[in-house]
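**Q** 3D model of this:
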Amino acid sequence: MHPTIRHGDVITVEPAVPANLNRGDIILYRLQDNFIAHRIVNIKESDRSELTFILKGDASIACDGPVKTEQVLGKVICLERDQRIIDPYNWRVRIWSMFYLWLARLKSVFELFLPRSLHRQQIRAHVAEILVNSKR
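**A** Now for the predicted structure:
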């Protein structure tokens, strides 16, 4: 969930009724032996009124697999970073997350056009060269 939730952040999770969750909410769920906090991007309801959540990390390009209601542990209501309380639903946090996702997508586009044999340093130099040449 970087940049919204970073390594070392402490998240506060409250129990949530799955029917009361909405798109944009960050939920904590269990996947086998792992606990994952991701944002709801879609909610699907089956013919038998069973909910399935489609989730995605803020920096992820692809969505996670479907999450069933019994996997949901609760809704993230706040996080603590460097002894500060942060609201993960604040508009500034959301804009930063969207910008970060845009950068991740831009990086993947660059990687399509660059030879795979280039190392990270060579890629930076190559991108810098492209930017300098485009200004001429």
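
**Q** When you work out contacts or count neighbours from here on, use the C-alpha atoms and nothing else.
**A** OK.

**Q** May I have the residues that are in contact with residue 24?
**A** Applying Cα atoms under 8 Å, 6 or more residues apart in numbering to residue 24 gives the contacts 39-41.

**Q** Go through the residues you listed and flag which are in strands.
**A** 39-41 (DSSP state E).

**Q** quick one on the thing from earlier: is it possible to export the contacts of residue 24 to JSON lines including distance to residue 66?
**A** Formatted as JSON lines, the contacts of residue 24 follow (distance: Cα to Cα, whole Å):
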{"residue": "39", "distance to residue 66": "12"}
{"residue": "40", "distance to residue 66": "11"}
{"residue": "41", "distance to residue 66": "11"}
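
**Q** how much distance is there from the top helix by length along the chain to the middle of the chain?
**A** In the chain, taking DSSP state H as the definition, the longest helix is helix 91-113. Centre-to-centre, helix 91-113 and its host chain are 11 Å apart (Cα atoms, centre = their mean, to the nearest Å).

**Q** what's the average pLDDT for it?
**A** The average pLDDT for helix 91-113 rounds to 73.

**Q** Now it - C-alpha only, CSV.
**A** The C-alpha coordinates for helix 91-113 follow below in CSV (Å, rounded to 0.1, in the frame of the first residue of the first chain):
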residue,chain,number,x,y,z
TRP,A,91,-7.5,14.0,0.1
ARG,A,92,-3.8,14.8,0.2
VAL,A,93,-2.9,11.2,0.9
ARG,A,94,-5.2,10.0,-1.9
ILE,A,95,-3.7,12.5,-4.4
TRP,A,96,-0.2,11.4,-3.5
SER,A,97,-1.2,7.8,-3.9
MET,A,98,-2.6,8.5,-7.4
PHE,A,99,0.6,10.3,-8.4
TYR,A,100,2.7,7.4,-7.1
LEU,A,101,0.6,5.0,-9.2
TRP,A,102,1.0,7.2,-12.3
LEU,A,103,4.8,7.1,-11.8
ALA,A,104,4.7,3.3,-11.4
ARG,A,105,2.8,3.1,-14.7
LEU,A,106,5.2,5.5,-16.4
LYS,A,107,8.1,3.4,-15.3
SER,A,108,6.6,0.3,-16.8
VAL,A,109,6.1,2.1,-20.1
PHE,A,110,9.8,3.1,-20.1
GLU,A,111,10.8,-0.5,-19.4
LEU,A,112,8.9,-1.6,-22.5
PHE,A,113,11.1,0.5,-24.8
